[in-house]
Each structure stands twice: as structure tokens, then as C-alpha cells.
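**Student:** The following block contains a protein sequence and its predicted model.
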Amino acid sequence: MNQTQSLRCRIKLLTWLFIIGLVLSGATAIPLQGEVNWLVNFFGSNGGSSDMAQWLLRIRDALAQTQSAYPFLFYGTDWLAFGHFVIAIAFIGALRDPVRNRWLFDFGLIACALVVPYALVFGGVRGIPIWWRLIDCSFGIIGFVPLWFCRQWARELESLDN
């Protein structure tokens, strides 16, 4: 395998990893109540006293009350999932031609970088515990890594093609 093929293979692998991450992340925004109930059971939060247990119980109760009184509010998380799916679809362009569509890697890097201040600021405004906001920040940091490599490799591929 020559260098061009190797670069294309690595770009495809990490781009697929990013796409799958977006799809899975989006898919988790739909069945919120079931997921939180699973987390409560998994972490043994029924009657637990840790900060995490208390937070999960609070989320579970809030989701149940919201579902009972205002189920239409979950439509917002359905659209959140849709946004993830659409962004994932856009990255198919990077799979097809990573040099011509290198801008997608730039776009993704900017979006991932913005996750950190967004989670910290709006999480604080909404009363989200700092440790939970750091978990949210990790999604931006984790997503940044493969995109950074893809961007570098796409540049290298472009220089090899010229």
C-alpha cells in the first residue's frame, strides 16, 4: 500500500468513527427516560447518597414529570437527534473526497471546540453539576482528536496529489 492509499484508509477509518459517534450520540437523545432508568439501575442509584446518584434520581423524576405533563417538550430532543444525524450525513462528503471536502474537518473541529465553552456556560446557567458538564465537554474533546488527524492527513494527501 502506497502513502496515498494509506492516508485515504486512515482518513476513512477515523471519519467513519466520527460519523458513528455522531449517530450514536444523536440516537441517545430520543429514548431519554429509558436510558436514565437504566443508568439509575446500573449505578444503584435507588436510594443512593452519592452526588451522581442524587443527580440521576433528580433527572429521572424530572423526565417522568415532564413526560406526564408536557410530553411535547421531548420533541426538542428529537430535533437534537436529527441535527446529529444530518451532521453525520454531511461527513459522507469527507469520505468521498477528503481533500476537496477538507472544510468539513475544519467545521467539525470548530464545532467540537465550541462544545467546551457551550457546556460550561449553559450548563452553569441551567444548574448542571460541574462534573456532568465536564462529561459533556469530553464529547467535544474526543471528537476533536480524529478530526484533527483527518485534517492533517487530508492536507498531506493534497500535497501528495499535487
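**Tutor:** Okay, I see it.

**Student:** count of neighbours near Ile89?
**Tutor:** Residues near Ile89, counting by other CB atoms under 10 Å, number 12. Every C-beta, even on glycine, is put in place using the N, C-alpha and C of the backbone.

**Student:** cool, and Ile142?
**Tutor:** Using other CB under 10 Å, Ile142 has 14 neighbouring residues.

**Student:** got the buried residues for the longest helix along the chain?
**Tutor:** Counting by DSSP state H, the longest helix found in the chain is helix 130-161. Judged by neighbour count (16 or more other CB atoms under 10 Å), helix 130-161 contains these buried residues: 132-133, 136-137, 139-140, 143-144, 146-147, 149-151, 153-154, 157.

**Student:** any idea which of the residues you listed is closest to Ser49?
**Tutor:** Closest approach between the buried residues of helix 130-161 and Ser49, by CB to CB: Trp132, at 17.3 Å.

**Student:** The closest one against Trp55, yeah?
**Tutor:** Yes: contact status for Trp132 versus Trp55: in contact at 6.7 Å, counting by CB atoms under 8 Å.

**Student:** Remind me what the one helix or strand Trp38 maps to packs against, helices and strands.
**Tutor:** In the assignment (DSSP states H and E), Trp38 maps to helix 32-42. The contact analysis (3 or more CB pairs under 8 Å, 6 or more residues apart in numbering; DSSP states H and E) places helix 32-42 against helix 51-69.
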